[in-house]
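**Student:** Sharing a model that was predicted from the sequence below.
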Amino acid sequence: MTGRLAILCLVPASGLALLTAAGCAPRPSAPPAPPPPSVVVAAVVKADGARELHLSGTLSAERSIALSFATLGTVEQVLVQEGQSVAQGQLLANLAPKSYQDALGIAEARAKQAEDAYRRLLPMHQNKTLPEVKFVEVETGREQAQLAVSLARKNLADTELRAPVRGVVASRHAEPGMNAAPGFPAFTLVQTGKMTATAPVPEMQIARITRGAAARDGRAVRGRSHRPRRRGARG
């Protein structure tokens, strides 16, 4: 029985030795923990970029005016270029004025003669020594001569073509040496205070456009959208 006890005691001792040896063995070291990620805090902003619709089209002016000389003549000089901004009343071009200056001189000379005749005969008419028919003839000649002077002055003034409004010269047709006439366009002037943009809209994008929505062109010029029209639609 003693031998059995010795055996029983050795078994636990051997097991204890094994367990102790296993427990004292070094363990492999764990890898280092990664650094915490950096975090940037920013305020939430509503972005409208996804709602913008970019279109290509044409710009048309609020008003387009075809300008022509009011009298006949030869263009003497042209003072503006296409694309140039002009002020109201600015001189754009003029005709050779020599013939109109001569016509005005002749009309003024005749008017002076008629005025002298009227003044000489007026006392005679007042004294009843001049027939009424003769005085009426002199008086009529005086009035006609005065009207001729006014007409000659207007024709001379019409040799100058001035801008009726402020705007931009869209096209220039007159050149020095050309013959000008009433109704023959010399310039086209446009007013750019209010512009209208016209652009085709894809069928699938029409629903994104509402009347009165803000609009702008590439130069950040702002405006408002009008009712979109489908292709082929009128009105």
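**Tutor:** Noted; the coordinates are in hand. Note that this is a predicted model, so its numbers are computed, not measured.

**Student:** Please list all residues in contact with residue 146.
**Tutor:** Counting by Cβ atoms under 8 Å, 6 or more residues apart in numbering, residue 146 touches 111, 114. Quick note: C-beta positions are derived from backbone N, CA and C, even for glycine.

**Student:** which SSE is it in?
**Tutor:** Using DSSP states H and E, residue 146 maps to helix 132-157.

**Student:** next SSE after that helix?
**Tutor:** Following helix 132-157 toward the C-terminus (DSSP H and E): strand 160-162.

**Student:** Next, give phi and psi for residue 171.
**Tutor:** With angles defined as degrees, to the nearest 10, residue 171 sits at phi -150, psi 150.

**Student:** Roughly how far does it sit from residue 192?
**Tutor:** Counting by Cβ to Cβ, to the nearest Å, the separation of residue 171 from residue 192 is 14 Å.

**Student:** can you check residue 56 too?
**Tutor:** Counting by Cβ to Cβ, the gap from residue 56 to residue 192 is 20 Å.

**Student:** These two - which one has more neighbours?
**Tutor:** Taking other Cβ atoms under 10 Å, residue 56 and residue 192 do not tie; residue 192 has more neighbours (14 against 7).

**Student:** Can I take it that that one is in a strand?
**Tutor:** Yes - according to DSSP: H, G, I helix; E, B strand; the rest coil, the state of residue 192 is that of a strand.

**Student:** and residue 164, helix, strand or coil?
**Tutor:** Taking three-state DSSP as the rule, one finds residue 164 in the coil state.

**Student:** Tell me, please, the helix or strand in the protein that averages the lowest pLDDT.
**Tutor:** helix 2-23 (a mean of 42; mean pLDDT, DSSP states H and E).

**Student:** What about residue 151, how many residues nearby?
**Tutor:** Count around residue 151 with other Cβ under 10 Å applied: 13.

**Student:** That one and residue 106 touch, don't they?
**Tutor:** No - in terms of Cβ atoms under 8 Å, residue 151 does not count as a neighbour of residue 106; the distance is 11.7 Å.

**Student:** Let me see the contact set for residue 135.
**Tutor:** Residue 135 makes contacts with 121, 122, 124, 125, as judged by Cβ under 8 Å, 6+ apart.

**Student:** coming back round to it: tell me the first helix or strand C-terminal of the least confident helix or strand of the chain.
**Tutor:** Using DSSP H and E, the helix or strand that follows helix 2-23 in sequence is strand 58-67.

**Student:** Residues touching that next one, excluding its own?
**Tutor:** Strand 58-67 is touched from outside by 92, 161, 163-165, 167-168, 170, 185-199, 217, with contacts defined as Cβ under 8 Å, 6+ apart.

**Student:** Quick one: buried ones out of these?
**Tutor:** When the contacts of strand 58-67 are checked for burial by 16 or more other Cβ atoms under 10 Å, the buried set is 92, 161, 163, 167, 168, 170, 186, 187, 188, 189, 190, 197.

**Student:** for the fourth one, which residues make a bridge with it?
**Tutor:** On the basis of DSSP bridges, residue 167 is bridged to residue 86.

**Student:** isn't it right next to residue 84, touching?
**Tutor:** No - using Cβ under 8 Å as the test, residue 167 is too far from residue 84 to be in contact (9.9 Å).

**Student:** buried stuff in the longest helix along the chain?
**Tutor:** Longest among the helix segments of the chain by residue count, using DSSP state H, is helix 98-126. Of the residues in helix 98-126, those buried by neighbour count under the rule 16+ other Cβ under 10 Å are 100, 103, 104, 107, 110, 111, 114, 117, 118, 121, 125.
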